[in-house]
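Student: Quick one, what's the 3D model for this:
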Amino acid sequence: MADRNDCTTHHLDFPDPEGAEFPQPRAYDAEELLQPLTDILDSASLNARQKGSIYEFVTDYVIADTGKMTAQEARDIIEVLLVRIDDYFFKGGLTQGPIRLIRLRVLDESRYLLNGFYLPPTQYYTGRIVIYLRDYISGRRRATSDILTTLVHELAHAYCGIFFNFCPVNNNRDIVMANGGHGILWQQVYQAMYTHMRTWDPRLARVGIRTPPAVPFPFVRSYYDFMSLNPRFRNAWDVTDLEPWEPRLLPNPRWHWRPARKEMFKRALLRMTFEGYPHFLSTRVITPLVAYRLYRAYKYLEVLTRGVIVASTFLSVVAAIWGFWQTTSGLRQDTLIVWDLGKRVASSELSVSEALVQAAILTDSFSRSSLPKSAQLVISISFLLSVSFIALKALTQALIPFSA
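Tutor: A predicted model of the protein is given here:
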């Protein structure tokens, strides 16, 4: 739909809510678009039609459980809610006019950093609202209240984008298009919608409120930035990982696909399937929530490892000193060995292999020393714990490379 404006026809009064006329695209100033919502908010009472619409909406919303529904069932109930909201606030201008101006698409998947979006209409296709049922952080189905918030958010975009006249004389485009389409007109429309909807029923109290993310956004961004460097995913997206065998799509086995043709075909298929590399990547890696939990587990293990190493080192020194007082009147070389090795393990100067070698040497030294068996046993167990935790930490870091 072009942005051209005709001041003789594109500065109309918004139709009477009780009349039969539907709103016309690109025909109203910002004040006219806000007027019907302001009238609803300022009204002291609701008429019979409004009460009926609210009752039907709340009834449909209460029975909706998007977490247990199939994708088609969720799509059907969201479509019903969309039509009811449009009928109540916008006089049905988006979905019930002579030409339907927007359609709904519901996808049972997640999208990197998105819960949904609005595609404006053009001369080639109808406008569209796309809703993702799954959360991009956890990969789980989103709550019905979250999906409703997204729906109201995108309906406000559709209302402003389709009916605002974008007059270059009286109205600046930034009223709608500032901040990525979140201009002052959109903010007022969106706020008016969710503020009024919260009064319909206590179960709608969270409309317009986003559920706090379970994972800090800086971690999500860092996680995807790190995983995007993985050559396996990058090669798949850049189509540099073509298999040597020929695809069996040609009728004559003597015909062969040239590598350039295969590359063009696969690249075109990827570009049509995914919005971009981040979207492609998000379908190939574990969800940020799982990665974050592994990362937290790694951090806890790191703290625990340091605590065990310090404790075992202290225990070893105490045992060695105790053995020294039991056997001789001089400072034994075994005590110095234990102390030096303990410091190096605690400061992570030793790798796993080096710590194992040193522990073996120390054990051999103990077998030929005059320390009591109890002291030797305590020292051996403490260093075995230290080496075990070092090995576990190294294994965890290898499994979670982005934790480094």
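
Student: show me the contacts for Ile162.
Tutor: Met1, Pro25, Arg26, Gly93, Leu94, Leu101, Ile102, Pro120, Pro121, Gly127 (C-beta atoms under 8 Å, 6 or more residues apart in numbering). In short, each C-beta sits where N, CA and C put it, glycine included.

Student: burial of Val106, as a residue count?
Tutor: The local packing of Val106 (other C-beta atoms under 10 Å) involves 22 other residues.

Student: what kind of secondary structure is Leu34 in?
Tutor: Here Leu34 is helix, with the state taken from DSSP: H, G, I helix; E, B strand; the rest coil.

Student: How about Phe233?
Tutor: helix.

Student: In contact with it, which residues?
Tutor: Met227, Phe280, Leu281, Arg284, Val285.

Student: which parts of stretch 267-278 are buried?
Tutor: Phe274, Tyr277 (16 or more other C-beta atoms under 10 Å).

Student: what's the answer for stretch 46-58, then?
Tutor: Applying a neighbour-count criterion of 16+ other C-beta under 10 Å, one finds Ser53, Ile54, Phe57, Val58 buried in stretch 46-58.

Student: just checking, which of these belong to helices?
Tutor: Ser53, Ile54, Phe57, Val58 (DSSP state H).

Student: List the residues that contact the second one.
Tutor: Yep, that's Ile54 we're talking about. Counted by C-beta under 8 Å, 6+ apart, Ile54 has contacts Leu46, Tyr88, Trp200, Asp201.

Student: And for the last one, the neighbour number?
Tutor: Other residues within reach of Asp201 by the criterion other C-beta under 10 Å amount to 16.

Student: same thing with the second one?
Tutor: When counting by other C-beta under 10 Å, one arrives at 21 neighbours for Tyr88.

Student: Show the low-confidence segments of the stretch 101-250 of the chain, by residue range.
Tutor: Along the stretch 101-250 of the chain, the model assigns pLDDT under 70 to residues 169-171, 241-250.

Student: pretty sure Arg100 contacts Gly127?
Tutor: No: taking contacts as C-beta atoms under 8 Å, Arg100 lies outside contact range of Gly127: 9.1 Å.

Student: Roughly how far does Met197 sit from Ser145?
Tutor: With the distance defined as C-beta to C-beta, to the nearest Å, Met197 ends up 11 Å from Ser145.

Student: Neighbours of Val215, how many?
Tutor: The tally of other residues near Val215 (other C-beta under 10 Å) stands at 19.

Student: and what of the one 3 residues further on?
Tutor: Using other C-beta under 10 Å, Pro218 has 8 other residues around it.

Student: what about it, distance to Tyr295?
Tutor: 12 Å.

Student: for Leu114, same thing?
Tutor: Leu114 is 23 Å from Tyr295, by C-beta to C-beta.

Student: ok, those two, which is more surrounded?
Tutor: The neighbour count for Leu114 versus Tyr295, taken as other C-beta under 10 Å, is higher for Tyr295 (19 against 14).

Student: Could you spell out which stretches of this structure belong to which domain?
Tutor: 30-204, 217-282, 288-403 (automatic domain parsing).

Student: Check the separation of the first and last residues in the shortest one.
Tutor: With C-alpha to C-alpha, to the nearest Å as the measure, the ends of domain 217-282 fall 15 Å from one another.

Student: So of the contacts of Phe233, which two are at opposite extremes in space?
Tutor: Met227 and Phe280 (11.2 Å; C-beta to C-beta).

Student: And what about the residue lying closest to Glu32 once chain neighbours are set aside, helix, strand or coil?
Tutor: Nearest non-adjacent residue to Glu32, counting by C-beta to C-beta, 6 or more residues apart in numbering: Phe14, 4.6 Å away. Look at Phe14: counting by three-state DSSP, its state is coil.

Student: quick one: contacts for Thr283?
Tutor: Glu109, Phe274.

Student: at 10 Å what do you get?
Tutor: Glu109, Ser110, Arg111, Tyr112, Thr273, Phe274 (C-beta atoms under 10 Å, 6 or more residues apart in numbering).

Student: Look up phi and psi at it.
Tutor: For Thr283, the backbone dihedrals (degrees, to the nearest 10) come out as phi -90, psi 0.

Student: picking up where we left off before, please convert the contacts of Thr283 to CSV, extending it with distance to Ile131.
Tutor: Below are these laid out as CSV (distance: C-beta to C-beta, whole Å):
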residue, distance to Ile131
Glu109, 11
Ser110, 12
Arg111, 10
Tyr112, 16
Thr273, 19
Phe274, 18
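
Student: between those residues, which is nearest Leu33?
Tutor: The nearest one, if we look at the contacts of Thr283 relative to Leu33 and count by C-beta to C-beta, is Arg111, at 28.9 Å.
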